[in-house]
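Trainee: After the sequence you'll find the predicted model.
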Amino acid sequence: MSDIPPARPVAATFENEFLPVRAKLLEVAAALDRLDRGAGELDEAAAARRALLVDAVQLLAQSCDATHTDRAERLQLLFSRAYDADWRQAFEV
Amino acid sequence: MNYIDPHIHMVSRTTDDYETLAKMGCVAVSEPAFWAGYDRGSVEGFRDYFEQLTAFEPKRAGWYGVQHFTWLCINAKEAENVALSREVIAMIPEFLDRPGVLGIGEIGLNKNTRNEATVFLEHVELALKTGEQLLIHTPHLEDKHQGTRMIIDMLAGDARVDRRRVLIDHVEEHTVRPVLEAGFWAGMTLYPVSKCTPARAVDIVEMYGPERLLVNSAGDWGPSKPTAVPDFILEMRRRGHDEALIRRVVYDNPLTFFRQSRGFRFTPR
Ligand SMILES: [Zn+2]
């Protein structure tokens, strides 16, 4: 893929992103607290989805280098149904 | 900046929205046929809808100097009714020579079922027979990755498909790469909660470059923002990107793609 625009200096990006990221992390922290304060228990299916949220938080904490900035992509895949390359045979289409 | 919204459902929006779009620099919209929020009962319901898309909607857009283009199909949500889908597919050619019709769309998958795949392939067959371009919807949330891969499989499995004449829409971080690498056009939809935000769409332009990438609002009757493309333009500017790069994504790219449709007649401002 051609014409990739030049990367912006990280210092400028950091100053723009620090407060919004802090705010979003705080929202996530508060929402997880809210879940823990909830009455009763989740059923099995909901508990499995709840576990995905913890996996996602762990994924965010993994480090990336400049050539592998793919946290968003991996987080999307974490929340995705599996793809079976042989689906056409199964569907007979 | 003049821009084009390549995916917006104006039949669900008000005339005031056209006025706002025009004031924000929108010079043209392309409106794929989609789900009305309820299943239409008969082929006549679709005929009336296509009449609205090809006759009244261009007129209403014209009141504000916005050029209106459209795409015709039965959408994936209604494709579970295969019999009705076949009636609609047989009727679509009545409208294909009308001014402003750009092709078949938005076809695609919704829950990735066998019936959806069957109706998808029959739409592709119609497009190949009539020489039309394709605009393709990809599913939501957890179904998007699987459905996008299935769509690529179906198109790549047919050597007659010219990938430069196919737009696969609603790509996100996990689906944009396979779509672009296979040679298709990719659309990013800017939605308030699901799909892409303007910031993430700009990230994707920064990572993949502007080639064959489009941005749209997919404004419709649900929570959506018809002026989302200007939000993208603002975010690009905020990050210091060249005006030429911004213009390429929001104006030049849609023109390049649409010009491949025989029904595309565009008068630049
Ligand atoms: Zn749509």
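Mentor: That came through fine.

Trainee: Report how many residues lie close to the closest residue to residue A:82 other than its chain neighbours.
Mentor: Leaving aside its chain neighbours, residue A:82 sits nearest to residue B:146 (7.0 Å; criterion: C-beta to C-beta, 6 or more residues apart in numbering or on different chains). Bear in mind the C-beta positions are built from the backbone N, C-alpha and C, glycine included. Look at residue B:146: counted by other C-beta atoms under 10 Å in any protein chain shown, it has 20 neighbours.

Trainee: do residue B:82 as well
Mentor: Residue B:82, neighbours per other C-beta under 10 Å, totals 14.

Trainee: contacting residues for it?
Mentor: If you count contacts by C-beta atoms under 8 Å, 6 or more residues apart in numbering or on different chains, residue B:82 has them with B:115, B:118-119.

Trainee: Tabulate those (TSV), appending neighbour count, pLDDT and secondary structure.
Mentor: Below are the contacts of residue B:82 laid out as TSV (neighbours: other C-beta atoms under 10 Å in any protein chain shown; pLDDT from 0 to 100; DSSP: H, G, I helix; E, B strand; the rest coil):
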residue	neighbour count	pLDDT	secondary structure
B:115	16	98	helix
B:118	17	98	helix
B:119	28	98	helix
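
Trainee: which of those are close to chain A?
Mentor: residue B:118 (C-beta under 8 Å from any C-beta of the partner chain).

Trainee: Just the closest of the contacts of residue B:82 to chain A, please.
Mentor: residue B:118 (5.7 Å; C-beta to the nearest C-beta).

Trainee: The closest one touches residue A:92, doesn't it?
Mentor: No: contact between residue B:118 and residue A:92 fails when scored by C-beta atoms under 8 Å: they sit 9.8 Å apart.

Trainee: Who are the contact partners of the residue sitting nearest the centre point of chain A?
Mentor: Nearest residue to the geometric centre of chain A (C-alpha atoms, centre = their mean): residue A:75, 3.1 Å. Neighbouring residues of residue A:75 by C-beta under 8 Å, 6+ apart: A:56, A:59-60, B:173.

Trainee: So the residue of chain B positioned farthest from its centre: helix, strand or coil?
Mentor: Most distant residue from the mean C-alpha position of chain B: residue B:240, 28.0 Å away (C-alpha atoms, centre = their mean). The assignment at residue B:240 comes out as coil when based on DSSP: H, G, I helix; E, B strand; the rest coil.
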